[in-house]
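Asker: task: produce atomic coordinates for the following.
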Amino acid sequence: MTALPTARSAPPAQGTGGRRGPGHAMRQSATVAWRQLVQIKHNPEQLVEVGIQPVMFVVLFAFVLAGQMAGSRHAYLQFVVPGLIVQSAVLVTARTAIATNTDVTKGLFDRFRSLPISRTAPLIGRIAADYVMLVWSVVLLLAAGMLLSFRIETSWTRLIPMFLLLLVFTFALSWASVLAGLLASNPENVQALAFGLMLPLTFISNAFVRVETMPGWLQAIVTYNPVSMLADSIRGLLVAGPVAEPVTKTLIASALLLVVFAPLALRAYHRER
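Answerer: Numbering: from 1, shown residues only. This next block holds a predicted model:
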């Protein structure tokens, strides 16, 4: 007689076998991120697309707006380059929303759900891949800024905490973008939604203009904008100014964004479509 299989020998249910702990989830997320990055060799235009935009902004602000904003190119670049770094982070999260929606509409996430991997790996892998693209864009932005007279006045070693802070903030804000990508019906809608929300977040901040030049009622909004907190943090790390207070505020804002949007995004991801 053939013995009946015991519960011990039964195969794991689909979608659950990979949930063995944080270590497995991190490796699976890294695999998903690598899958996204490997596609660049078949479409290298992505590197140009992500890299050319921040360089164009540096040139635009240096040659068109510097005289009006600060009187000299060097003075304005010292102020605006940290703001442009923040803008790059915000725009990369908009890219995350569009890519997430594309993966959903093409059925990629449905295939992920059928695999024995961590439930969060596809989303975290998508965010991690876009962060690598952010690092690429920021490196090009800094190189262009330095060619046009921007200088790091503190220490080159402060680039390390700057990138770590960008990682924390981008990871938190990306969950709002993931949520938008999961809820939108098509890539065109999510593009309009993402950029419609992200661009005002950048421009209603102190990324490009000093707070004291704004109307009083607007200054309060700008002060509590997380983008302003991050811009102040990067200015303190790379140029001059306080560091501890803006960094602390940025970390608190990032934690709030994560607490609010990560559960909503995960719920949207796991609901029946």
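Asker: mind listing what's buried along the host helix or strand of residue 230?
Answerer: Per DSSP states H and E, residue 230 falls inside helix 226-238. For helix 226-238, burial by neighbour count (16 or more other CB atoms under 10 Å) applies to 226-238. Placement of C-beta: from N, CA and C, glycine included.
Asker: which other residues reach it?
Answerer: 79, 81-83, 85-86, 89-90, 152-154, 158-159, 161-162, 165-166, 169, 173, 201-202, 205-207, 211, 222, 241-243, 246-247, 249-250, 253-254, 257 (CB atoms under 8 Å, 6 or more residues apart in numbering).
Asker: C-alpha coordinates for that helix, PDB please?
Answerer: Extracted in PDB, the C-alpha atoms of helix 226-238 (Å, rounded to 0.1, in the frame of the first residue of the first chain):
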ATOM      1  CA  PRO A 226       9.700  67.300   4.500                       C
ATOM      2  CA  VAL A 227      11.500  68.400   1.300                       C
ATOM      3  CA  SER A 228      12.600  71.600   3.100                       C
ATOM      4  CA  MET A 229      13.900  69.500   6.000                       C
ATOM      5  CA  LEU A 230      15.900  67.300   3.700                       C
ATOM      6  CA  ALA A 231      17.300  70.300   1.700                       C
ATOM      7  CA  ASP A 232      18.400  72.000   5.000                       C
ATOM      8  CA  SER A 233      20.000  68.700   6.100                       C
ATOM      9  CA  ILE A 234      22.000  68.300   2.900                       C
ATOM     10  CA  ARG A 235      23.100  72.000   3.000                       C
ATOM     11  CA  GLY A 236      24.300  71.500   6.500                       C
ATOM     12  CA  LEU A 237      26.200  68.300   5.600                       C
ATOM     13  CA  LEU A 238      27.800  69.600   2.400                       C
END
